[in-house]
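Engineer: next input, structure requested:
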Amino acid sequence: MEKREINEQLKSLSFDMDEEIDDRNERRGRKSAPPRHAHAPMDPSHAIILAAIIIVGGLWGGKLLYDYIQEQRIKAALNEAAAHMEQTMRQVEQNSRRAQVEMQQRIAAEEEAREQRRSEQLAQLQAEQARVEQEKRFKSSQCQFWWQQHNQNPTERTARKKAEACGD
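Structural biologist: Numbering: from 1, shown residues only. Here you go, the predicted model:
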């Protein structure tokens, strides 16, 4: 035999493992297994339609999953931004309250200082008025008279009249 013929024979040989196993089992005296029911091959048009459905379903499902993940990321980012904004607002409110308290304290201190100055000015004015009044009394003729009377003749009566007229 030629080499070419052997190659052609080998190519035309087909091995069906199930048949080989069944033949071997028959030779050994065993019963052959019941025939297996294999599905008929799928029609190519059905296979194309099924593949298209699987691809579209996979793409659509993937898109839905991607959108869901993005939505969760957006929600997380918004929640984080809201928490940060809330914290910032609390800090601003605290700073505002502190500033208000400080402002009120400053206003109260200024008001107290103004009141102190007013009372000092009033005391000075009253002292000045009292001094002017005292000077008027000292310069009055009645005070001068009783002063001289007391200096010349110091008695209890002249001292009392001098005090009444001069305000001592």
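Engineer: on the three-state scheme, G29 is what?
Structural biologist: Under DSSP: H, G, I helix; E, B strand; the rest coil, the three-state class of G29 is coil.
Engineer: burial check on it, number of neighbours?
Structural biologist: For G29, the count of nearby residues is 6 (other CB atoms under 10 Å). For the C-beta atoms, the positions are set from N, CA and C on the backbone; glycine is no exception.
Engineer: please apply the same query to C143.
Structural biologist: C143 has 21 neighbouring residues, counting by other CB under 10 Å.
Engineer: and S140, by the same measure?
Structural biologist: Neighbourhood size, S140 [other CB under 10 Å]: 14.
Engineer: can you tell me how far the residue most central in space within the chain is from C166?
Structural biologist: Central residue of the chain (CA atoms, centre = their mean): Q87, 2.2 Å from the mean position. Relative to C166, Q87 is positioned 76 Å away (CB to CB, to the nearest Å).
Engineer: also G57?
Structural biologist: As judged by CB to CB, G57 and C166 stand 120 Å apart.
Engineer: which strands and helices sit next to the helix or strand containing R117?
Structural biologist: For R117, the host element (DSSP states H and E) is helix 44-139. Packing partners of helix 44-139 (3 or more CB pairs under 8 Å, 6 or more residues apart in numbering; DSSP states H and E): helix 156-166.
Engineer: got the CA coordinates for the helix it packs on in PDB?
Structural biologist: Output of helix 156-166 as PDB, limited to C-alpha atoms (Å, rounded to 0.1, in the frame of the first residue of the first chain):
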ATOM      1  CA  GLU A 156     -22.000 130.100 119.200                       C
ATOM      2  CA  ARG A 157     -24.600 132.300 117.600                       C
ATOM      3  CA  THR A 158     -22.200 134.000 115.200                       C
ATOM      4  CA  ALA A 159     -20.700 130.600 114.200                       C
ATOM      5  CA  ARG A 160     -24.200 129.200 113.500                       C
ATOM      6  CA  LYS A 161     -25.200 132.300 111.400                       C
ATOM      7  CA  LYS A 162     -21.900 132.200 109.600                       C
ATOM      8  CA  ALA A 163     -22.500 128.500 108.700                       C
ATOM      9  CA  GLU A 164     -26.000 129.200 107.500                       C
ATOM     10  CA  ALA A 165     -24.900 132.200 105.400                       C
ATOM     11  CA  CYS A 166     -21.700 130.700 104.000                       C
END
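Engineer: that concludes my questions; thank you for your assistance.
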